[in-house]
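Undergrad: With the input below, show me the fold.
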Amino acid sequence: MTPQTAAEPSCPGYVNVDRRRLARLVEAAGSSPSGYLDRVSVPEEVTVRPEADARVVIQAALPESAMGPTTTRAVVWQDAAGAWWYWRRTFDYSWVRQSAPNADGTITWEPERYPPSTGSLPAPAVEQVEFLLSHPCRTSDPAAWPRELPLRSGRTRECPLDAASYVMRIQWREGAVENISAPCENETMTFQLIKTVLGR
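TA: As a prediction, this is how the structure comes out:
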């Protein structure tokens, strides 16, 4: 289930896209793991966590950017028995930017504005995740969506300069790993999966 370099023109997100130029850009850029995702894991104190025999584990994150002071991290996984679970946490760094540090350089943390949530993944989200994971359009999407999308008109559609890059990693029990990134929102099925995992 490793993404290829180009999808069928009927797939969401490819209207007016120059697929040949897109494939060349994706091939030249390659795909590398996002170091940010190393921070995305279910805390040890959470009772239900992904086990080594989980069928699939999906990590996703929307880091903070100049457009927003929050970052959302999420993990969605299917256990060996087939049940789906999730863990999500949003961190708000706006107060860090506005607050002066203490005399010793430390920062006093304010009460959590967005406590973590975890539990059984709701049925509508399970249906969406299972549908998107195996859909041919999702599996043929580029692993790294370019910041400048080439259009058939010869122009490009650019992401906002200050936009945050969405990142996602899909790890299958068989050993395959997909590292995915999107510098801004798009209409592909891969991005739909990212949004579902993040609960957006």
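Undergrad: helix or strand right after the helix or strand of the chain with the lowest mean pLDDT?
TA: None of the helices or strands of the chain scores lower by mean pLDDT, DSSP states H and E than helix 94-98, at a mean of 59. Next helix or strand after helix 94-98 toward the C-terminus (DSSP states H and E): strand 117-120.
Undergrad: ok, then the element right after that following strand?
TA: Taking DSSP H and E, what comes next after strand 117-120 is helix 123-134.
Undergrad: chain center to that following helix: distance?
TA: 15 Å (Cα atoms, centre = their mean, to the nearest Å).
Undergrad: And the average pLDDT for that helix is what?
TA: Helix 123-134 shows a mean pLDDT of 97.
Undergrad: Which elements pack onto that helix?
TA: strand 84-92, helix 189-198 (3 or more Cβ pairs under 8 Å, 6 or more residues apart in numbering; DSSP states H and E). C-beta coordinates here come from the backbone N, C-alpha and C atoms, glycine included.
Undergrad: now for the longest one, which elements pack on it?
TA: Using 3+ Cβ pairs under 8 Å, 6+ apart as the contact criterion, the elements in contact with helix 189-198 are strand 56-62, strand 70-78, helix 123-134, helix 136-139, strand 166-172, strand 177-182.
Undergrad: one more time with 6 Å, if that's ok
TA: Applying 3 or more Cβ pairs under 6 Å, 6 or more residues apart in numbering; DSSP states H and E, one finds that helix 189-198 contacts strand 56-62, strand 70-78, helix 123-134, helix 136-139.
Undergrad: what angle separates it from helix 123-134?
TA: Using axes from the mean of the first three to the mean of the last three Cα atoms, to 10 degrees, one finds that helix 189-198 and helix 123-134 are set 150 degrees apart in direction.
Undergrad: pLDDT (mean, whole number) over helix 189-198?
TA: So the average pLDDT for helix 189-198 ends up being 95.
Undergrad: Format the CA atom coordinates belonging to it as PDB.
TA: The C-alpha trace of helix 189-198 is given here as PDB (Å, rounded to 0.1, in the frame of the first residue of the first chain):
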ATOM      1  CA  MET A 189      -8.000  11.400  -0.200                       C
ATOM      2  CA  THR A 190      -4.700  11.300   1.700                       C
ATOM      3  CA  PHE A 191      -5.400  14.700   3.200                       C
ATOM      4  CA  GLN A 192      -9.000  13.600   4.000                       C
ATOM      5  CA  LEU A 193      -7.300  10.800   6.000                       C
ATOM      6  CA  ILE A 194      -5.000  13.200   7.800                       C
ATOM      7  CA  LYS A 195      -8.000  15.300   8.800                       C
ATOM      8  CA  THR A 196      -9.900  12.300  10.000                       C
ATOM      9  CA  VAL A 197      -7.000  11.100  12.200                       C
ATOM     10  CA  LEU A 198      -6.600  14.700  13.600                       C
END
